[in-house]
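Colleague: no sequence for this one, just the structure:
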C-alpha cells in the first residue's frame with residue numbers, strides 16, 4: 001500500500017527533486033540567494049559613490065577591478081571550504097562577508113585603502129557564495145532537469161538588479177550614503193536566516209590544497225572560456241551602466257527593469273522549452289542576443305531604445321551562466337562538483353571584476369560608448385564563431 005510519504009516522494013522525483021523535502025530546500029536556498037544578491041547589487045552604485053567621494057576615474061576603476069582578486073580567491077577556496085566546513089556553512093559565511101563588506105562602505109568610502117578593504121571583505125563573500133549555492137541546489141535536484149532548475153536558481157541572482165539599483169538610487173538621493181550602505185547590508189544578513197533548518201549537501205571529497213579535484217579536465221576548457229566572455233558582458237552593466245545612464249540623463253529603471261523582466265521570463269518560462277537544446281546551442285544564442293542588446297544600448301538616446309536594449313541584454317544574460325554551470329556540473333556526482341563549479345565561477349568573476357580597470361582607459365579617452373562598441377564586437381564575434389562551429393545540423 002502506498003503511503004502519503006511515498007506518494008510525495010514519487011511526485012518530487014517526477015518533478016526533478018531527490019525527495020519531497022528537497023523541493024522546499026531548493027526554494028529556501030533560492031530565496032537566500034535572492035537576498036544575498038540584493039545586497040551585492042547595490043554595487044551598481046559604487047562608481048557614483050566613489051566619484052562623489054572625490055576618487056578619480058582611475059582610482060574608481062581600481063576599486064572596482066581589484067575586487068576581482070578576493071572574489072576569484074573566494075571562488076577558488078570555496079571547494080576547500082565546502083569540504084572542511086560543509087556546503088551550507090560555506091554559503092552562510094559568504095552571505096555574512098558580503099553584507100559586512102557592503103555595510104562597511106558607510107564608514108570607509110572616502111578613503112581609498114579603507115574602501116579597498118571593504119571591497120576585499122565583500123569580494124571573498126561574493127566569490128564563495130555562488131559556487132557553494134550551486135553545489136547545494138544541484139544536490140537537491142536530479143540529473144533529468146538539471147539545466148532547468150539550475151537556470152531557475154540562477155534567475156534569482158540577477159532578479160535583484162530590478163530592485164536594488166532603483167531603490168538604492170532613491171536612498172542615495174534622499175537619505176545619503178550612510179543610509180544606502182546600511183540598507184544594502186540588511187538583506188545579506190537575512191539570507192543566513194533563510195537557510196536555517198536545511199539539510200546540508202554531501203561534502204566534497206577532500207583532495208588537498210584548493211580541493212579543485214577534477215576541475216581541469218580538457219572537456220571543461222570551452223565552457224570556462226565562454227563563461228569568461230559572458231562575465232565580461234555582464235560585468236559592464238554591473239560596473240558602468242548606471243554611471244553611463246546618469247550621463248545620458250536616462251533613468252536607471254529604463255535599463256534595469258526591462259532587462260530583469262526579460263531575464264526572469266526566460267529563466268522561469270522559456271527555459272522549460274529551451275532546456276531541450278544542447279548547452280552549446282544555448283550559449284551561442286546567448287552571445288548573439290547579448291550583442292544585439294549592447295548594440296541597442298550604445299545607440300540609445302532615450303528610455304524606449306534603452307529598454308529594448310535591456311530586453312535583449314536580459315535574454316542573453318539569462319542563458320549564459322546557468323547553462324554553463326549546468327554544463328560543467330553534468331556527468332559528475334554531487335560530491336565531485338565543487339571543483340568544476342569553483343573554477344567556472346572564478347572564470348566568470350575574473351571577467352566581471354578584473355576588466356573594469358583597463359576599461360577606464362577606453363572610457364576616459366573615448367567615453368562609455370566606445371567600451372560598449374567593443375562588447376558588441378566581442379559578443380557578435382564569439383557568437384558567429386560558435387555558430388560556425390555548430391554547423392546547421394547541430395542547431396536544428
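Modeller: Good, I have the coordinates. What you are looking at is a predicted structure, and each value in this text was computed from that prediction instead of being measured.

Colleague: what residue ranges in the protein score low on pLDDT?
Modeller: For the chain, the stretches with pLDDT under 70 are 1-9, 12, 14-16, 205-213, 215, 331-337, 391-396.

Colleague: one more time with 50
Modeller: 1, 393, 395-396 (pLDDT under 50).

Colleague: remind me, longest helix of it?
Modeller: Ranked by residue count and defined by DSSP state H, the top helix of the chain is helix 112-140.

Colleague: Just after it, pick out the following helix or strand.
Modeller: helix 146-159 (DSSP states H and E).

Colleague: what sits up against the helix or strand following that next one?
Modeller: Where DSSP H and E defines the elements, the next helix or strand beyond helix 146-159 is helix 164-174. Residues outside helix 164-174 that contact it (C-beta atoms under 8 Å, 6 or more residues apart in numbering): 37-39, 41-42, 44-45, 48-49, 179-180, 183-184, 242, 252-253, 256-257. Heads up, the C-betas are built off the backbone N, CA and C, glycines and all.

Colleague: Check the spacing between residue 100 and residue 193 real quick.
Modeller: 16 Å (C-beta to C-beta, to the nearest Å).

Colleague: So which of those two has more stuff around it?
Modeller: residue 100 (18 against 12; other C-beta atoms under 10 Å).

Colleague: Which helix or strand contains that one?
Modeller: Going by DSSP H and E, residue 100 is in helix 87-108.

Colleague: what's the angle between that helix and helix 112-140?
Modeller: Angle of helix 87-108 versus helix 112-140, following axes from the mean of the first three to the mean of the last three C-alpha atoms, to 10 degrees, is 160 degrees.

Colleague: Might one say that residue 13 is in contact with residue 142?
Modeller: Yes: the criterion here is C-beta atoms under 8 Å, and residue 13 meets it with residue 142 at 6.9 Å.

Colleague: For the spatially closest residue to residue 115 that is not a sequence neighbour, list the residues it contacts.
Modeller: Distance criterion C-beta to C-beta, 6 or more residues apart in numbering; nearest residue to residue 115, sequence neighbours excluded, is residue 108 at 5.0 Å. Applying C-beta under 8 Å, 6+ apart, we find residue 108 in contact with 114, 115, 117, 118.

Colleague: Just put those residues in TSV and tack on distance to residue 59 and neighbour count.
Modeller: Below are those laid out as TSV (distance: C-beta to C-beta, whole Å; neighbours: other C-beta atoms under 10 Å):
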residue	distance to residue 59	neighbour count
114	13	14
115	9	24
117	15	14
118	14	24
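
Colleague: Can you measure across stretch 362-373, start residue to end residue?
Modeller: Stretch 362-373 has an end-to-end distance of 11 Å (criterion: C-alpha to C-alpha, to the nearest Å).
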